[in-house]
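J.: Mind folding the following:
(chains A and B)
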Amino acid sequence: MDPKVGVYICKGCDIAKTLDIEALAKAAISDAKAEICKVHDVLCSPEGVTIIRDDIEKEGVNRVVVAACSGRVFPELFDFGPQILTDRANIREQVAWCHEPNNEDTQMLGEDNIRMGVAKVRNGEPPEPLIEESSRDILVIGGGMTGMTAALGAAQSGLKVTLIEKEKNLGGWASHFKMAFPKKPPYQEPEDSGWKELVNQVENNPNITVKKETVVEKTSGQPGHFAVIFKSNGSDSEHTFGAIIMAAGWRPYEASKLGHLGYGVSPDVITNIQMEELLAKGELKRPSDGKPVESVAFIQCAGSRDENHLPYCSSVCCRVSMKQALLVRRMNTEAKVYILYKDIRTPAQYERFYAHIQNDDGIFLTKGEIAQVSKDGDGSLLVDVNQTIMGEDIQVKADLVVLATGMVPASKVEETEATGEQATTADGKKEAQSAEKGAHILNLAYRQGTDLPTLKYGFPDSHFICFPYETKRTGIFAAGAVRAPMDMSSAANDAWGAAMKAMQAVEAIAQGRALHPRAGDTSYPDFFLQRCTQCKRCTEECPFGTLDEDDKGTPKPNPMRCRRCGICLGACPERIINFKNFNVNMMSKMIKSIHIPDEFEEKPRILAFVCENDAMPAVDMAGIKRLKYNSMVRILPLRCLGSMNVVWINDALASGFDGVILLGCKKGEDYQCHFVRGSELAEYRMDNVREKLKQLVLEEERVELHEVAISDYDKIPGIFNKFLETIERVGPNPYKGM
Amino acid sequence: MAESTPVPSRIEADTLVVGGGIAGMTAAIETAEAGRKVILIEKMPSLGGRVLSSFQYFPKLCPPTCGIEINLKRIRLNPLIRVMTLTEVTGVSGNPGELEVQLTVKPRFVNEKCTCCGECEKVCEIERDDEFNYGMCKTKAIYLPHLMAYPPRYVVDPAFAKDDRMKKCVDACTYGAIDLNMAEQTLTAKVKGIVWATGWKPYDATKIDNLGFGRYKNVLTNVMMERLAAPNGPTQGKIMRPSDGHEVKSVGFVQCAGSRDENHLPYCSAICCMASMKQATYIRTQYPEADIYMFYIDVRSPGRLEDFYQKMQKDAKFHLHRGKVAKITENPTNGNLILEAEDTLKGVITKTEVEMAVLATGMVPNAVDSPPPLDTSLDEFGFIVNEPGRGLFGAGVAVCPTDVSGSVQDATGAALKALTAGARR
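T.: Model (predicted):
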């Protein structure tokens, strides 16, 4: 169906007080050649919206430009259904509220925004979701507290679950621990972790298939169609899943590296895990000579909070030692227990557990630095502790020394920790390597690597405080101690969230909709592979490993892995990657629809590519606050700054723009970019841009990149005004008017 | 989905989420994105809760607006979420899987025609305490709760709705959005499960009388400090001494102020160590030469947050003092505070004079004031104890003190628990 464009201009909210509405309407019809243009006093009123709906129904309008407030306001009012492509041309926050009223330059800006809106809708199409038959089955890897709880949660929501466990039995670490520290009020005595009951529930749930002594041999495909091959005691099986929950758990830190804390000095220097085994046996005897244990010294943070071992804190060890201390005291009421710590970390209600421990006459706690652990003449152990609370150095004599060692996630692979830094680079190569040497839990047949890329210390997370379940592989969710060090009850709780995300994922995929952060988006990238030159930029730059490749190097898209950011669109030098409602040609036409005055004096032109996630809202906020800035800037929103294709900068310069400015989210180790790497890639591509400028004999200062968060709205005028000053100094684009 | 007035008298959904802070918003969004209908209610005039009062989150020092913006976008775009602000639960009956909830909607006195143009605010003559800024400044009687307010609509403080002076505002509005005769409404919601995400309020620091809050001007609480640092706060982000507006050369952070204390809050609020260290970086950014002291019992920076603590220790003018502050007195000549504490590593009593003291006070769950219905178990501190087989599940700080990441994680799980309520075996 041919596009029929209707432009609807609102006069409310000072728009009519600032702009000549008739001239705007004229620009819509004569310049932009919209078929229909109407004006209303309050477009967001029921009457206003009805005008648009009537035109759609009766006049056949199928492309709508709403020239009014920001698209962030009343999106539901101006949603005319999936068949109608709608654009919100901002003439309120970005024109009427932040520029001089009844002014020629402000008017030109308003008219350009309408021209851009028309160009946008005319050169795009409403997206159609890609709906294919998909699986709603969930794979849970790991049969400990986390995996079992996740399987039950998913099963309760009506989904079919396969739970695999590499050991002979379900239960994970919980099955090796006698008790858990208290999670129920009054938070005093150790309690049952409930693992046995969970095993029972899982094994009796008709929606859960349990496969023991089973690992994943290979995972190929994409969310909705994860083809997984299992290996189980020599035999293979396969199944297709919609989403995967990775609850692969953890392993204790290697105690052999803790010689400086006495490990190896005597068989009576053991780890907290070995202590659990002793306690589970029910008799507290020294490993060396079998004599009863009358005194125990716990050394906290053993190999944790230590640059030379595990730099992070494993969160649970304080409570584990306290639980073990209580169990020792219960087994032997005469026993003396010493807990030697750096800081006691019993947050929230666990503080009451600590208070309970402190009330026990036989448990002594002191802060201190461990100087040495040695053997005494009689075979007992001596722990020298310096800088204790008493201000003194002391020596503790004990039958048993327990090193409270930390938790290492199953996803951690030793080789990749050499740098200790985030293994991401702009071209994705370093990250591909780290995922390549992955932990072989998922064994993904993905071009970018076999497992979930890890961030820091081997944990496969996203670094997003607000979205803790997001990983860099769509449809695959990490949960439990593999995601972050946590105790059994927290791990079980964590599982509920992962099950929710998995359930959500299969629902969305079945409807051809994207997941977070563009949840609900039905567009997806289309690749015109006939013109592909196998440069591999898209396959390497995609933060989510969406693209595999064949042996010639031609990308193989997997649309369900895609988060619709458009980074691939921005990467492609041949411009063959496009979305129905966001494509290279559309943006080029939008740029060309802007009128560039021939004169530079007092009328330079700057094009701003603005990420719509944080930077665009910041520009809106500046308008809401009525902060004024120069009206020479033309604003083009992008899904992600990484989706910027360098050809648009060419288009801008060829059109006569004097400068181009890019506003995006924060990059680097503390990245804010919702697509992980978008703003970083934009900066990386700036090198190409600078090359291009050199070739055209244009000054490098004509293109700038800035990091902007929404809360930086007060800096927006300064950024635009300062850039304008730079451009005025550099002078007009010599290609202007050519 | 935008709120409409009046609301229908009977609505249905799969889940009701009570509380529109970060936990409640998350529970609602996750539920809707799984294709289920959800009602999200909030007793204040806007969504957002306490996280919006933060200037930055630890450990990334990132702005709350980033996460809130995307969450609001997801709410705006999802027709399965019905948001109702100024709304509270007044009763619940029924069994998990089929619950009947009575809701009361208090009048906003502003309807959906509001365009946030701000003309009413310009002409309003009445001022009132700004609770968003913990009373440190004022707003007009008709106000926008904050820049990220959702719904983006003004609200009239009910104390002034019948004040004659409000007529000026009504006249100033060209959209007919102000309705001073708006009435309270009640309605019934039929849902399968409930997520109770009612959050917390700061512990009342005036109760800790050995620490001088309320008596000495330059003793603040951590939540107030956060507002001082925020650009949309009472001092536009400039951290100044409350007594005289001077720049600050020394600050003392008093940890566990009324926490881990049998006389006040016996539990630990989990985040205060990290919050104080974060605020120390605010001060360091504005005052590179300031002496910053932190008086602590244990420094709690669990998990990967340890990196932040390690980084703080590299600051030569960040002085860690192991020992709880026993008493704060004032130096009457200059308004400085004298912090008395034992240095437990040296075994001596010290007195430290600082220009400003920040009490790291704890979080009190709101369930203490407004307990959840359906015989929900609360522990002795007012935190919800989640039990299987129930129809109502606590999420976020309503269950235990935690940070943003913990609240979001917990709320995601609570969403599934509520959806499967009544379907348990």
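J.: List the contacts of the residue positioned nearest the centre of chain B.
T.: For chain B, the residue nearest the mean C-alpha position is B:R50 (1.9 Å; C-alpha atoms, centre = their mean). By C-beta atoms under 8 Å, 6 or more residues apart in numbering or on different chains, the contact set of B:R50 is B:21, B:199-200, B:223. The C-beta positions use only the backbone N, C-alpha and C, and glycine is treated the same way.
J.: any idea which of the residues you listed has the most stuff around it?
T.: Tallying neighbours with other C-beta atoms under 10 Å in any protein chain shown puts B:G21 at the head of the contacts of B:R50, with 27 neighbours.
J.: Pretty sure that residue sits against B:V51.
T.: Yes: using C-beta atoms under 8 Å, B:G21 is in contact with B:V51, at 6.5 Å.
J.: Quick check: the nearest residue to A:V383 once chain neighbours are set aside vs A:L340, distance?
T.: The spatial neighbour of A:V383 that comes closest, neighbours along the chain excluded (C-beta to C-beta, 6 or more residues apart in numbering or on different chains), is A:V396 at 4.5 Å. A:V396 sits 7 Å away from A:L340, going by C-beta to C-beta, to the nearest Å.
J.: shared neighbours of the two, which are they?
T.: Shared contacts of A:V396 and A:L340 (C-beta under 8 Å, 6+ apart): A:297, A:383, A:385.
J.: closest to chain B among these?
T.: Of all these, chain B sits closest to A:V385, with 12.7 Å by C-beta to the nearest C-beta.
J.: Can you name the residues that contact the closest one?
T.: Per C-beta under 8 Å, 6+ apart, neighbours of A:V385: A:340, A:366, A:368-371, A:393-396.
J.: Once you drop chain neighbours, what's closest to it?
T.: A:G368 is the one closest to A:V385 (C-beta to C-beta, 6+ apart), at 3.8 Å.
J.: got it, and A:Y350?
T.: In space, A:Y350 is closest to A:R319, 6.0 Å off (C-beta to C-beta, 6+ apart).
J.: how many neighbours does the one you found have?
T.: A:R319 has 23 nearby residues by other C-beta under 10 Å.
J.: cool, and the one 10 residues further on?
T.: A count of nearby residues for A:R329, using other C-beta under 10 Å, gives 19.
J.: Quick one: residues contacting it.
T.: Contacts of A:R329 (C-beta under 8 Å, 6+ apart): A:335, A:337, A:360, A:362-363.
J.: In three-state terms, label it for me.
T.: helix (DSSP: H, G, I helix; E, B strand; the rest coil).
J.: domain ranges for chain A?
T.: As assigned by automatic domain parsing, chain A contains the domains A:1-126, A:138-249+A:410-510, A:253-406.
J.: Give the buried residues for the top helix by length along chain A.
T.: Looking across chain A with DSSP state H, the single longest helix is helix A:488-510. The neighbour-count check on helix A:488-510 (16 or more other C-beta atoms under 10 Å in any protein chain shown) flags A:488-510 as buried.
J.: who in the stretch 201-350 of chain A is up against chain B?
T.: Neighbours of chain B within the stretch 201-350 of chain A, by C-beta under 8 Å from any C-beta of the partner chain: A:205, A:305, A:311-315, A:343-350.
J.: which residues of the stretch 301-425 of chain B fall in helices?
T.: Assigned by DSSP state H, counting those that start in this stretch, the stretch 301-425 of chain B shows helices spanning B:306-313, B:404-419.
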